[in-house]
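Undergrad: Mind folding the following:
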Amino acid sequence: MESSVALAESNGLNFVVNGKVDGNAISDGSTQIMSGLIGAMLHPDPRTSLVIGLGTGSTAGWLGQVRGMERVDVVEIEPAILEVARRCHAVNANVMDNPKVHTSIGDAREVLLTTPQRYDIIFSEPSNPYRAGISSLFTREFYQAAKQRLAEGGLFLQWLQAYEVDALTIQSAYATLSSEFAAVETWYTLSGDLVLVASMQPLTHDLAKLRARIAEEPYRTALHAVWRTDELEGVLAHFVGNSGLARLAAERGAEMINTDDLSSMEFAFARSVGRTTLFSTLDLRRVARRLELDRLEFTNGAPDWNRVDELRLWLGPAVPGQVSEQGRPYEAFVNAVMAGQDAQVLSLWQELKRQPRGPQEEYSLARALVMTQHPAALAAVRALRPRRPADADMLEALLMESQGQDAQAAALLERAFTALRQDPWAVMPLTEAALDAALRVGQRSPELARRL
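TA: Residues are numbered from 1 along each chain as shown. Down below sits the predicted model:
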């Protein structure tokens, strides 16, 4: 109706709108899945949600799995995108078959102005603002319409592109949203992707309730799959700044509020397409840390902020003040993991003298033990298996293959590759290493080659 839409395979399905990739079912899962679930986690009792933009269907599908969620409405302007969501069923909890999810074809602005429904969560996830017409979903008038459709205590969430953009345009986005909402929190989902959580009153956060909530489904599975954590501190590692940070940015962008009549954002984003040295989420994190705006206030206790700072290292470079002298060994460990220096990973972990906590540490240590053929490798892999069976099978297969036990390796690879037809969240470099191992096994044994 509106666009040319295509699907392309690239470590997951890309959906391509008018020649531009607008999302990948797997590599963008951190944003597409968790953006809606951030709102569901922070809201005390979400019952109804509105998602603007269907895409791969991941946001709506996972919101539809939230306990107590009674209805998820989706507004999508392009009918062809419904087929995209059908093809992406393996990552979106079969959104098109969920009776709680209702998709309508139309313009989100018109729906917000005409529907009588009120929502606990509204999430706007359009394409990039420089695309024709998209900036109308980043204007003050749009936020006024969205605000009228929120139930009492409701949250409005805005995806914001933080790549190929200058600082003034980011400040303009904050100023526009803050002109209609009293409080705005900033969260980071993926490199270059921000989610702004806006509310009419400052949010209150109950530590005990949040800890209990992330242990429930679907949060437990989603966090493990795409944010690689099972700790509240791992969730808070994605928190960038509180309402103080938003107010500061809004003050600096106050002369650039985006309106229907003066949509400066559309042209500002268009001028910066392809330019990568203008602004980054690291800049925002630096400001938030320097001004002590990178922490949330909690009732019912306080999180371990030192652990939060540790887990932030997995998301990107440290900012000044993030790592204390006591934290330097852990930073070195993370850097060694990122560099693939397996022997160094083991050496640095032994210096830390602690047990692994959470999926990132457990997997990284098991991988290093396997790659160095350490005697403790098998025990570490088997401890990993209950939560990450496909990854564990591939790691054990690599260990068996390196020891010349090709039959055992082939059986493990066979089981892992079969599981990967249903599990899209395995570690991609590990999958590639397992495929290479399958080739080596097959070259040595025609019989095993046929099985694999």
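Undergrad: Enumerate the beta-bridge partners assigned to Ser49.
TA: Using DSSP bridges, the beta-bridge partners of Ser49 come out as Val72, Ile121.
Undergrad: On the pLDDT front, check Pro129 for me.
TA: In the prediction, the pLDDT value recorded for Pro129 is 65.
Undergrad: Where does the prediction get shaky in the stretch 151-300 of the chain?
TA: Counting by pLDDT under 70, the stretch 151-300 of the chain shows low-confidence ranges at 269, 272, 276-277.
Undergrad: As a check, name the ranges of all strands in it.
TA: 183-190, 193-199, 205-206, 239-241, 298-299 (DSSP state E, counting those that start in this stretch).
Undergrad: Any chance of TSV for these, columns distance to Val345?
TA: For every residue, glycine as well, the C-beta is placed using N, CA and C. What follows is the strands of the stretch 151-300 of the chain, written out as TSV (distance: least, C-beta to C-beta, whole Å):
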stretch	distance to Val345
strand 183-190	24
strand 193-199	28
strand 205-206	34
strand 239-241	27
strand 298-299	33
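Undergrad: in the stretch 351-452 of the chain, which spans are helices?
TA: Listed in chain order, the helices found in the stretch 351-452 of the chain under DSSP state H, counting those that start in this stretch are 358-371, 377-384, 389-402, 406-419, 428-444, 446-451.
Undergrad: now swap in the stretch 51-200 of the chain and tell me
TA: In chain order, the stretch 51-200 of the chain shows helices spanning 58-63, 81-87, 108-114, 140-148, 167-178, with DSSP H, counting those that start in this stretch as the criterion.
Undergrad: To Met428, which of these lies closest?
TA: Shortest distance between Met428 and those, using C-beta to C-beta, is found for helix 58-63: 17.6 Å.
Undergrad: circling back: for Glu110, find the nearest of the helices of the stretch 351-452 of the chain.
TA: Nearest of the helices of the stretch 351-452 of the chain (C-beta to C-beta): helix 428-444, 40.3 Å.
Undergrad: returning to that earlier point: output the strands of the stretch 151-300 of the chain in TSV; the columns should cover mean neighbour count and distance to Ser124.
TA: As requested, the strands of the stretch 151-300 of the chain are exported to TSV (neighbours: other C-beta atoms under 10 Å; distance: least, C-beta to C-beta, whole Å):
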stretch	mean neighbour count	distance to Ser124
strand 183-190	23	14
strand 193-199	23	10
strand 205-206	16	23
strand 239-241	23	18
strand 298-299	14	27
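Undergrad: out of those, which comes closest to Gly36?
TA: When the strands of the stretch 151-300 of the chain are compared by C-beta to C-beta, strand 193-199 sits nearest Gly36, at 9.3 Å.
Undergrad: Now do the closest one: which elements does it pack against?
TA: helix 29-42, strand 150-161, helix 167-178, strand 183-190 (3 or more C-beta pairs under 8 Å, 6 or more residues apart in numbering; DSSP states H and E).
Undergrad: angle of it against helix 29-42?
TA: Using axes from the mean of the first three to the mean of the last three C-alpha atoms, to 10 degrees, the inter-axis angle of strand 193-199 relative to helix 29-42 is 20 degrees.
Undergrad: picking up where we left off before, using a markdown table, lay out the helices of the stretch 351-452 of the chain together with mean pLDDT.
TA: Formatted as a markdown table, the entries for the helices of the stretch 351-452 of the chain read as follows, by pLDDT from 0 to 100:
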| stretch | mean pLDDT |
| --- | --- |
| helix 358-371 | 96 |
| helix 377-384 | 96 |
| helix 389-402 | 97 |
| helix 406-419 | 97 |
| helix 428-444 | 96 |
| helix 446-451 | 95 |
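Undergrad: All set, thanks.
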